[in-house]
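Colleague: Give me a model of this one.
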Amino acid sequence: MKFDSADKSLIPYGPKQKAWKEQVPDGATTTPPLENPVSVYPRTPPARIEDDFPKLDYRKFEIPPDGLNQRERMAAMAELERFIKTQHANFTGFQVNEDLDFQDLSWLLDIHANNVGDPYGDGYLTLNTKLVERSVLDYFAALWNAKWPHHDEEDNGDQENAYKERHWGYVLSMGSTEGNLYGVYNARNYLNGSQLLHEENTIGMASCFSRNKMAPLRSSAFLRPVEHFANHYTPVAFFSEDTHYSVVKAMNVMQVKTFSEVGRATGQPCPINNGDWPTEVPSHDYSADTKSGTIIVEHLERLLRFFLDRNYPPLIILNVGSTWKGAYDNVAEVNDMLIRLGAEYPWLWEREVEYKKEDGSRHVDVRRGFWLHVDGALGAAYLPFFEMAYNRELISYRGPIFDFRNEAVMSICCSMHKWIGAPWPGGVYMTKIKYQTQPPAVAGYIGSADTTLGGSRNAFSPVLLWHYLSRVNYEDSMRAVIKAEESAEYMENRLKELEDYLKKTDPSADLWIHRSKLSLAVTFRMVNPTIAYKYTVDAERLLVPLLNGEYEERTFGHIYAMQSLGNFSIVDDFITYLIGICDSSGWKTTFPESKTLTMDGLPNPGPRKHIDQ
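Modeller: Below you'll find the predicted structure:
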């Protein structure tokens, strides 16, 4: 319903659908809605979904100035609960574990606890869970073969500066998006010559008055490194075309240019891709069955050489459990490649960063000329247990060694809500003390170093992680990953059985089924929107190689064999549902081709194009 400008305050709003102005108390200054939100916002479920799903009435959730009474609140929450539980029962398509049990932590919901500042300094805000956070970080340090426990200073039994080899990290309030943001932030400052955290005593501290209070001030805040070579402090980012979108966002937020942007600006031809600069480093495509979705290391090396010849320090991000295909970049191979390149470009591993202090004296620190970050949002939490099963000869393939055993690896992150499972996003970021750089300011009133990306940090997530990790030991985790691998294989086989069934009546039936090596993701021809909504199957448009340089656009769906996929019952329900629609309406209704019926509004398959390699 449309209203003219004079009638905005008469728009009905809230569960009672009374006019807005009738619900505004005396003395309150508000703006009325410009139009009825019910007519503006998308429906839930969307209008095009045909099955009988619980529907959410937005009017019941509108919050008018005079609030909702208990009956209205309960009615809204009951409707939301029906909807969420319906979707939860068939959840399959995203990297999220829905098998949760945290009811005994409900007491913490009525308390605001805050882990503001560094996890290794309690600070002045005593209502925190940093002790628990440290235990969680030690767990991951051991799992990822880092040195632990954390030390902020020399230990009498250590050699000089040995403590700097130990781990530092924190529990994220977001998922691995925050881990990637912080990894890029840390890498950018490290590579652009910013002062290292534990060089503070060498550079010195000062004090000044700020906002009518005495504040410590780092002299290093005014220091910039002496640039002896062009581009020496200009990091350039490298990541594959299978990388999570948060990495692109991180480069944008942190103002780090990619190899593609810088390469195009040089006016020089690209050393790969027939001279054209791709947006990301190419990955192995569907024709490379065991490596599908993994970065092509040979291409990465050729790109790196182009920029190393021009003195650019590279920032490399590798995937361990990529978003779409669940693939694992070969971190060890990249590690060996960087060691080999170090013989030709010695500054790659030992680069002098020189500062001139205010008194004219010279200070030099030695650090690397690259950064390697591992985005292990999914795989970093479970790949160690695949390796454990492999070492026991329970499986025949272990996946890549991605952790700090690789000398080149400088930071790792993983998500809490993916493999482990949690009611909200979270995760872990980890690096070594020697790679930390100075934070931009000293937050004196919190009583702790401001070394994390956020200020206030969620104190509940460390407790959730501790709760899970203390109940699920290494043996349990190993059995869980073996079961997940079996679930993925079972899903792949059931889809192949469905394809064989369809070929009996239509030999052209092709469901495009694929699974990368040891991946928990099974990809297949995208289903129609109603099926996708029922089972939360997401979509991705990809170029798939055919023959003679021909590529075809195809939209895929995928299902992830997370722990909550359980004992195959959801898989069986999904396949049975597909068979029912195929039998009643045809397989091309189940897996539509026409753009009027597809999830993304594009024909599936789409156009073909020729690409020279």
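Colleague: T92 versus E540, what's the distance?
Modeller: From E540 across to T92, the span is 15 Å (Cβ to Cβ, to the nearest Å). Glycine gets a C-beta too; all of them are placed from N, C-alpha and C.
Colleague: Let me fix that, I meant to ask about R48.
Modeller: With Cβ to Cβ as the criterion, R48 and T92 are 20 Å apart.
Colleague: Ok, R166 next?
Modeller: From R166 across to T92, the span is 40 Å (Cβ to Cβ).
Colleague: These two - which one has more neighbours?
Modeller: T92 (25 against 19; other Cβ atoms under 10 Å).
Colleague: can you confirm the more buried one is in a strand?
Modeller: No - counting by DSSP: H, G, I helix; E, B strand; the rest coil, one finds T92 to be coil, located in no strand.
Colleague: ok, it - contacts?
Modeller: Counting by Cβ atoms under 8 Å, 6 or more residues apart in numbering, T92 touches Y535, T536, V537, I559, Y560, L565, I570, F574.
Colleague: can you confirm the fourth one is in a strand?
Modeller: Yes - assessed by three-state DSSP, I559 belongs to a strand.
Colleague: That one against S519, yeah?
Modeller: No - in this structure I559 lies outside contact range of S519 using Cβ atoms under 8 Å: 11.3 Å.
Colleague: W349: neighbour count?
Modeller: 18.
Colleague: Identify the residue spatially nearest to it, adjacent ones excluded.
Modeller: Spatial nearest neighbour of W349, chain neighbours left out: G342 (4.5 Å); criterion: Cβ to Cβ, 6 or more residues apart in numbering.
Colleague: And F370, what's its pLDDT?
Modeller: Reported pLDDT at F370 in the predicted model: 98.
Colleague: Distance of it relative to L318?
Modeller: Per Cβ to Cβ, F370 is found 12 Å from L318.
Colleague: neighbour-wise, which of the two wins?
Modeller: With neighbours defined as other Cβ under 10 Å, F370 and L318 compare such that L318 has more, 32 against 26.
Colleague: what residues are up against the more buried one?
Modeller: Going by Cβ under 8 Å, 6+ apart, the list of residues near L318 reads F239, S240, I295, D329, V331, V334, L372, H373, V374, D375, F402.
Colleague: Identify, from those, the entry nearest to K85.
Modeller: D375 (31.9 Å; Cβ to Cβ).
Colleague: Verify the contact between the closest one and N180 for me.
Modeller: Yes - using Cβ under 8 Å, D375 is in contact with N180, at 5.7 Å.
Colleague: list the residues that contact both of those two?
Modeller: H244, V247, I317, C413.
Colleague: Out of those, which is nearest to G117?
Modeller: C413 (19.4 Å).
Colleague: and that closest one, what helix or strand is that in?
Modeller: C413 belongs to strand 411-415 when assigned by DSSP states H and E.
Colleague: Which strands or helices does that strand pack on?
Modeller: helix 176-191, strand 371-375, strand 427-432 (3 or more Cβ pairs under 8 Å, 6 or more residues apart in numbering; DSSP states H and E).
Colleague: deepest of those, which one?
Modeller: Most buried of the helices and strands packed on strand 411-415, by mean neighbour count (mean count of other Cβ atoms under 10 Å): strand 371-375, with a mean of 28.
Colleague: That one pairs with which strands?
Modeller: According to DSSP bridges, strand 371-375 forms sheet pairs with strand 314-319 (parallel), strand 411-415 (parallel).
Colleague: Looking at these, spot the one closest to C582.
Modeller: The minimum distance between C582 and the strands paired with strand 371-375 falls on strand 314-319, with 34.3 Å, by Cβ to Cβ.
Colleague: helix or strand right after the closest one?
Modeller: Sequence order places helix 331-344 as the next helix or strand after strand 314-319, per DSSP H and E.
Colleague: From R302, how far out is P313?
Modeller: Look at P313 and R302: by Cβ to Cβ, they are 17 Å apart.
Colleague: Please apply the same query to E552.
Modeller: The gap separating E552 from R302 is 27 Å, by Cβ to Cβ.
Colleague: Now do stretch 283-303, average pLDDT.
Modeller: Rounded mean pLDDT across stretch 283-303 is 87.
Colleague: Please apply the same query to stretch 69-89.
Modeller: 95.
Colleague: send the alpha carbons of it over as PDB?
Modeller: The C-alpha coordinates for stretch 69-89 follow below in PDB (Å, rounded to 0.1, in the frame of the first residue of the first chain):
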ATOM      1  CA  ASN A  69       3.300  -7.400  24.900                       C
ATOM      2  CA  GLN A  70       4.200 -10.800  26.100                       C
ATOM      3  CA  ARG A  71       1.600 -12.600  23.900                       C
ATOM      4  CA  GLU A  72       2.900 -10.800  20.800                       C
ATOM      5  CA  ARG A  73       6.500 -11.600  21.600                       C
ATOM      6  CA  MET A  74       5.700 -15.300  22.200                       C
ATOM      7  CA  ALA A  75       3.700 -15.500  19.000                       C
ATOM      8  CA  ALA A  76       6.600 -14.000  17.000                       C
ATOM      9  CA  MET A  77       9.200 -16.300  18.600                       C
ATOM     10  CA  ALA A  78       7.000 -19.400  18.100                       C
ATOM     11  CA  GLU A  79       6.800 -18.600  14.400                       C
ATOM     12  CA  LEU A  80      10.500 -18.000  14.200                       C
ATOM     13  CA  GLU A  81      11.200 -21.300  16.100                       C
ATOM     14  CA  ARG A  82       9.100 -23.300  13.700                       C
ATOM     15  CA  PHE A  83      10.900 -21.800  10.700                       C
ATOM     16  CA  ILE A  84      14.400 -22.200  12.100                       C
ATOM     17  CA  LYS A  85      13.800 -25.800  13.200                       C
ATOM     18  CA  THR A  86      12.300 -26.700   9.900                       C
ATOM     19  CA  GLN A  87      15.400 -25.400   8.000                       C
ATOM     20  CA  HIS A  88      17.700 -26.900  10.600                       C
ATOM     21  CA  ALA A  89      16.300 -30.400  10.100                       C
END
